[in-house]
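S.K.: need a structure here:
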Amino acid sequence: MNFYLGCAVWSYKDWVGNLYPPKSQPREFLNLYSQRFTTVEGNTTFYAIPSAETIKKWVEQTPPGFKFCPKLHRQITHQGLLTPHIPKAIAFLREYQVWAIAWGQLLFSYLLAIVLSIYLT
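M.R.: All right, here's what the predicted structure looks like:
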């Protein structure tokens, strides 16, 4: 059984001088992060879907075995029930197959009101 340890983000400026060496630059954060952790949530994908080229660069900056756990975009998870948005979710997965070699889990974040309405019906 493998365990992966990570955080929701890698680009946190307050880690400079603590987790990251003093004077580290933002362009170095992912590589430095991946030297200490084995996974990252990839919260970025919830707000904006990065290009395949950007994802490829992220993968290249991390060691083999490092896992990204992208969060489905909010237009998929926060617009009511998931069922009508399944085609968008599938398109997300297909478009980002370049990420598959470094994919961990795929995160679904839902509004509590949506979860409650599903549970109560």
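S.K.: So for the chain, the centremost residue is which one?
M.R.: Nearest residue to the geometric centre of the chain (C-alpha atoms, centre = their mean): Gly42, 1.9 Å.
S.K.: who's in contact with that residue?
M.R.: Counting by C-beta atoms under 8 Å, 6 or more residues apart in numbering, Gly42 makes contact with Phe68, Cys69, Pro70, Lys71, Leu107. The way it works is simple: take the backbone N, C-alpha and C, and place the C-beta from them, glycine included.
S.K.: Please state the backbone phi and psi of the closest residue to it other than its chain neighbours?
M.R.: Once flanking residues are discounted, Gly42 sits nearest to Pro70: 4.3 Å by C-beta to C-beta, 6 or more residues apart in numbering. Here is the backbone geometry of Pro70 (degrees, to the nearest 10): phi -70, psi 150.
S.K.: my guess is Pro70 meets Thr45, correct?
M.R.: Yes. Between Pro70 and Thr45 there is a contact under C-beta atoms under 8 Å: 4.3 Å.
S.K.: what about Thr62, helix or strand, and which?
M.R.: Secondary structure from DSSP states H and E places Thr62 outside every helix and strand.
S.K.: show me the contacts for the residue nearest to it when sequence neighbours are not counted.
M.R.: Setting aside the residues directly before and after it, Thr62 is nearest to Ser34 in space (C-beta to C-beta, 6+ apart), at 4.0 Å. Ser34 is in contact with Trp10, Val40, Gln61, Thr62, Pro63, Phe66, counting by C-beta under 8 Å, 6+ apart.
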